[in-house]
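K.L.:
Give the three-dimensional model of this entry:
(2 chains)
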Protein chains: 2
Amino acid sequence: MDERAALTLLAEELEAVGDDAAIVDDLVVTTDMLHERTDFPPGTSRYTAGWRAVGASLSDVAAMGAEATAAVAAYAAPEFDPDELLAFVRGARDVCELVGARYVGGDLDGHQEFTVTTTAIGHTDDPVLRSGASPGDVVCVTGNLGRSAAALELFQRAERATPDRTEKPDADIRERANDLFRFEPRVDAGLALASHATAMMDSSDGLSRSLHQLGEASGCGFAIEADRVPIADALAAIGDGDERTGDTLERALTFGEDFELVVTLPEDALESARAACPVPLTRVGQVVDREEGVTIDGDLLPDRGFTHGDP
Amino acid sequence: MDERAALTLLAEELEAVGDDAAIVDDLVVTTDMLHERTDFPPGTSRYTAGWRAVGASLSDVAAMGAEATAAVAAYAAPEFDPDELLAFVRGARDVCELVGARYVGGDLDGHQEFTVTTTAIGHTDDPVLRSGASPGDVVCVTGNLGRSAAALELFQRAERATPDRTEKPDADIRERANDLFRFEPRVDAGLALASHATAMMDSSDGLSRSLHQLGEASGCGFAIEADRVPIADALAAIGDGDERTGDTLERALTFGEDFELVVTLPEDALESARAACPVPLTRVGQVVDREEGVTIDGDLLPDRGFTHGDP
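P.N.:
Coordinates of the predicted model:
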């Protein structure tokens, strides 16, 4: 049974499963487990790992349109290197501070593989679900897509060049990759969009999969326009120089792990949402009837993307 | 660097580290990672694993004197067996229901080793810390000690007898071990004791270590009386028939993983605390000056116990 089938099974068992975070009274709660083999490519610093792991949970809080209150992390590794541990904690704390949350520690555990589980808690009286999109709404994304895809490419290039991770200029490539890997969770944007949004989630599994998930929850389809999809300069730059090759677009749509918000809202709310949103908000298409499916420039956009934790 | 040294390092870095749960406004938050090799002996059912993992976090909430609000779990395994996954979730949900909390799902992850991270959230306007004990207070424990030590012994006996886990009567032994392994988190007791307690924590590292930790946080010592220590019948029963051999007492003091509450309170509050507490509350000794250390019948009680996650 793969992860998605297992999630479906759990959705039948637990009413709270299915949105980016669970809702308990006026709290939202979300937890994520990440581990070295699948989530932290060679060259990822522990500072970046702490930032990114905690950031992933904060992104789920953001996707509910909630304030981010606090985060904890359970840190497991074969050994506890003080420098690595402190770097991790500082990354975790810094990403919390960036979005107004408190990092309040967690647990330590001995484990064969570096493994981190982060939990974030947020507060909202009126969470934005995945289920409220209606045909006629517009669909937008915050920021741009492809930073993580670009980072992974740079990590891989650096690793191929100098596996011992010391030599310049590959240390510089790794630093750039780490920079790209540390994203800003869109908590402020989520709060600004909450009152306008009809549905929202984060793009952690990629835009394509996110649209399919929103479509399933809301009972709608989406018509996306390819040239509106905002692609990160970093991803365009690692291509062949042509900024929008099909491959670049494909990666921006399906690689995921960008932790931007995918949001639907009534067309007449778009301008005020844009004015309120602290980061660029790009209209990438329209909400359409369920039967029309999810399309890009009229072609079906397959439900492909990053499935977290697939071995 | 071992786990305790790493925790000390983190306590210097993060103000929130050091109690059973972190405090954020009127919330308490705690997270724990458990894994097969160190925390779930062969024969532990997934139902018991779900109960116990989530229960461990709920116990930390109880130790703060807080209501238990909600819990989540990240579940990682080499493969997602539907029966195992559902059993885990039902165990997690049942232990939450027992203490009035909601189990609201979590995350799934592929991992070589069965690994679970649980997070629980509680609510209190007046958390009980480890730091408030004063000489003259009495020190008490809820329930009794040694259930988990007895369970482990039974799991090991069953495993030695029939490693394939099918044959009677060893299936019965395993069932008894699983029953003992599923403890009731002392949330109701914690709430009842909160207004009387000067300090509180849970006994997850064993009574000896808990006393040393309380003593360090409160700047005090403890004088324990051996024959007052409440020992679980199940532990006494697996001994040589003599109910209180030295070995039985030693296991009850140091094995840990019992998730009872260790609480200090003024002597004149003892009777009303007992009346309010829904489970037996046993006075095991007295809070004394720091210089007197932690003693049992006048002998120093070493700071030994279960260090979670030690490889």
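
K.L.:
Could you measure from residue A:39 over to chain B?
P.N.:
When distance is defined by C-beta to the nearest C-beta, to the nearest Å, residue A:39 is 9 Å away from chain B. Quick note: C-beta positions are derived from backbone N, CA and C, even for glycine.

K.L.:
now swap in residue A:98 and tell me
P.N.:
For residue A:98, the distance to chain B (C-beta to the nearest C-beta) stands at 17 Å.

K.L.:
The helix or strand of chain A with the lowest mean pLDDT vs chain B: in contact?
P.N.:
Averaged element by element with mean pLDDT, DSSP states H and E, chain A has its least confident helix or strand at helix A:3-13 (a mean of 77). Yes. Part of helix A:3-13 sits close enough to chain B to count as contact by C-beta under 8 Å from any C-beta of the partner chain, namely A:3, A:5-7, A:9-10, A:13.

K.L.:
Packing partners of the helix or strand following that helix?
P.N.:
Scanning forward in sequence from helix A:3-13, with DSSP states H and E defining helices and strands, the next element found is strand A:22-24. Packed against strand A:22-24, as judged by 3 or more C-beta pairs under 8 Å, 6 or more residues apart in numbering or on different chains; DSSP states H and E, are the following elements: strand A:27-35, strand B:67-77, strand B:102-110.

K.L.:
Tabulate these in TSV, adding columns for distance to residue A:85.
P.N.:
TSV is the format used below for the helices and strands packed on strand A:22-24 (distance: least, C-beta to C-beta, whole Å):
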stretch	distance to residue A:85
strand A:27-35	16
strand B:67-77	20
strand B:102-110	21
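
K.L.:
As a markdown table, those strands with distance to residue A:296 and mean pLDDT would be great.
P.N.:
Listed next are the helices and strands packed on strand A:22-24 as a markdown table, based on distance: least, C-beta to C-beta, whole Å; pLDDT from 0 to 100:
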| stretch | distance to residue A:296 | mean pLDDT |
| --- | --- | --- |
| strand A:27-35 | 28 | 95 |
| strand B:67-77 | 33 | 96 |
| strand B:102-110 | 29 | 90 |
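
K.L.:
Quick one: closest of the ones you listed to residue B:298.
P.N.:
Nearest to residue B:298, of all those, is strand B:67-77, at 38.6 Å by C-beta to C-beta.

K.L.:
Output the contacting helices and strands for that closest one.
P.N.:
strand A:22-24, strand A:27-35, strand A:115-123, helix B:46-63, helix B:82-98, strand B:102-110, strand B:115-123, helix B:187-194.

K.L.:
what's the angle from it to helix B:82-98?
P.N.:
Regarding strand B:67-77 and helix B:82-98, their directions subtend 170 degrees when assessed with axes from the mean of the first three to the mean of the last three C-alpha atoms, to 10 degrees.

K.L.:
closest to residue A:41 out of the helices and strands packed on strand A:22-24?
P.N.:
When those are compared for distance to residue A:41 using C-beta to C-beta, the nearest one is strand A:27-35, at 11.8 Å.

K.L.:
May I have the strands that pair with the closest one, each with its orientation?
P.N.:
On the basis of DSSP bridges, the sheet neighbours of strand A:27-35 come out as strand A:22-24 (antiparallel), strand A:115-123 (antiparallel).

K.L.:
Including mean pLDDT and mean neighbour count, could those strands go into a markdown table?
P.N.:
What follows is these, written out as a markdown table (pLDDT from 0 to 100; neighbours: other C-beta atoms under 10 Å in any protein chain shown):
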| stretch | mean pLDDT | mean neighbour count |
| --- | --- | --- |
| strand A:22-24 | 94 | 21 |
| strand A:115-123 | 97 | 30 |
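
K.L.:
In CSV, list those along with distance to residue A:142.
P.N.:
Converted to CSV, the strands paired with strand A:27-35 look like this (distance: least, C-beta to C-beta, whole Å):
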stretch, distance to residue A:142
strand A:22-24, 22
strand A:115-123, 17
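
K.L.:
Surely residue A:190 and residue A:200 touch.
P.N.:
Yes. With contact defined as C-beta atoms under 8 Å, residue A:190 reaches residue A:200; the gap is 6.9 Å.

K.L.:
Find residues that contact each of these two.
P.N.:
A shared contact of residue A:190 and residue A:200, defined by C-beta atoms under 8 Å, 6 or more residues apart in numbering or on different chains, is any residue touching both; here these are A:63-65, A:128, A:261.

K.L.:
about what we covered before: just send the helices and strands packed on strand B:67-77 back as CSV, with distance to residue A:45 too.
P.N.:
Rendered in CSV, the data for these read as follows (distance: least, C-beta to C-beta, whole Å):
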stretch, distance to residue A:45
strand A:22-24, 31
strand A:27-35, 14
strand A:115-123, 13
helix B:46-63, 29
helix B:82-98, 34
strand B:102-110, 22
strand B:115-123, 22
helix B:187-194, 40
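
K.L.:
closest one to residue A:293 among the ones you listed?
P.N.:
When the helices and strands packed on strand B:67-77 are compared for distance to residue A:293 using C-beta to C-beta, the nearest one is strand B:102-110, at 26.9 Å.

K.L.:
Close to chain B: what parts of the stretch 101-250 of chain A are there?
P.N.:
A:102-113, A:115, A:117, A:119, A:121.

K.L.:
do that again at 10 Å, thanks
P.N.:
In this structure, the stretch 101-250 of chain A approaches chain B at residues A:101-113, A:115-121, A:123, judged by C-beta under 10 Å from any C-beta of the partner chain.

K.L.:
Quick one: neighbours of residue A:219, just the number.
P.N.:
Other residues lying near residue A:219 total 12 when counted by other C-beta atoms under 10 Å in any protein chain shown.

K.L.:
mind pulling up the phi and psi values for the spatially closest residue to it that is not a sequence neighbour?
P.N.:
Take residue A:219 and drop its neighbours on the chain: the residue closest to it by C-beta to C-beta, 6 or more residues apart in numbering or on different chains is residue A:290, 5.3 Å away. Dihedral angles of residue A:290 (phi, psi; degrees, to the nearest 10) stand at phi -60, psi -40.

K.L.:
now do residue A:184
P.N.:
Residue A:184 adopts backbone torsions of phi -90, psi 110, taken as degrees, to the nearest 10.

K.L.:
check contacts around it.
P.N.:
Contacts here follow C-beta atoms under 10 Å, 6 or more residues apart in numbering or on different chains; on that basis residue A:184 touches A:51, A:55, A:58-59, A:62, A:95, A:98-99, A:142-143, A:259-260, A:278-279.

K.L.:
distance of it from chain B?
P.N.:
Residue A:184 sits 22 Å away from chain B, going by C-beta to the nearest C-beta.
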